[in-house]
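# Below: sequence and its predicted model.
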Amino acid sequence: MSDLVPREIHLPAETGRPGFLRLAGRVTAFARSAAVLTEGLRKLRRAMEHDANDADVLAEMCDQAEVEPRFTAMIRNAGTALRAVATASGEMATASDQMATAADALADAHDREYRGVYEAVNASGVQQAKPGFYRSR
């Protein structure tokens with residue numbers, strides 16, 4: 001079981017539907033954050049693998065020095081735990097990379113779908129009706 005404890009998140013109140021630029025900015029920021037997270041997780045994985053290898057070397061040295069077996073076993077267990085962290089961080093990095101890719105695809109699709117509408121509305125110089133006014137039933 002994890003030692004992580006969920007915290008309540010306090011986000012600012014939403015001021016309505018996000019506009020074209022605001023939504024595009026949010027999706028871009030999400031993609032950027034996911035990419036940064038992916039890179040951090042990959043760095044963590046490399047560090048944990050390095051530390052696990054060091055634990056293996058230390059355990060071998062302890063075997064050669066005839067250190068009490070229970071202490072050598074503790075070192076081996078630490079190496080195993082570090083490898084588990086490396087594996088989990090690698091899996092999380094893959095998931096985070098997939099989120100970044102999906103967010104980039106969403107940003108591209110959003111731009112293709114709505115950029116022309118956004119530019120036409122802004123170029124018209126006429127105040128537009130509220131969203132939903134032109135909706136047909």
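Sure thing, it's come through. Numbering: from 1, shown residues only.

# I'd like to check which residues are in contact with the closest residue to A55 other than its chain neighbours.
Of all residues not flanking A55 in the chain, G79 sits nearest, at 3.3 Å (Cβ to Cβ, 6 or more residues apart in numbering). Just so you know, the C-beta spots here come from the backbone N, C-alpha and C atoms, and that holds for glycine as well. Contact analysis of G79 by Cβ atoms under 8 Å, 6 or more residues apart in numbering lists 51-53, 55-56, 59.

# In PyMOL, select just the buried ones from these.
To isolate the buried ones among those in PyMOL, judged by 16 or more other Cβ atoms under 10 Å, type:
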select buried, resi 51+52+55+56+59
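
# how about CSV for the contacts of G79, with distance to A93 and pLDDT added?
Converted to CSV, the contacts of G79 look like this (distance: Cβ to Cβ, whole Å; pLDDT from 0 to 100):
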residue, distance to A93, pLDDT
D51, 17, 97
A52, 17, 98
N53, 19, 98
A55, 22, 97
D56, 23, 97
A59, 27, 97
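
# count of neighbours near L41?
20 (other Cβ atoms under 10 Å).

# no, scratch that, I was asking about A95
14.

# Could you do E39 as well?
E39 has 13 neighbouring residues, counting by other Cβ under 10 Å.

# dump the residue contacts of the residue lying closest to A59 once chain neighbours are set aside.
Closest residue to A59 apart from its sequence neighbours, by Cβ to Cβ, 6+ apart: I75 at 4.5 Å. Applying Cβ under 8 Å, 6+ apart, we find I75 in contact with 55, 58-59, 62.

# Now do the SS call for G132.
Taken by DSSP: H, G, I helix; E, B strand; the rest coil, the conformation at G132 corresponds to coil.

# which element is the nearest residue in space to P18 that is not next to it in sequence on?
Distances taken as Cβ to Cβ, 6+ apart put R26 closest to P18, at 6.6 Å, once the chain neighbours are dropped. Taking DSSP states H and E as the definition, R26 sits inside helix 20-64.

# any idea how far P69 is from M99?
45 Å (Cβ to Cβ, to the nearest Å).

# The two: who's more crowded?
M99 (17 against 11).
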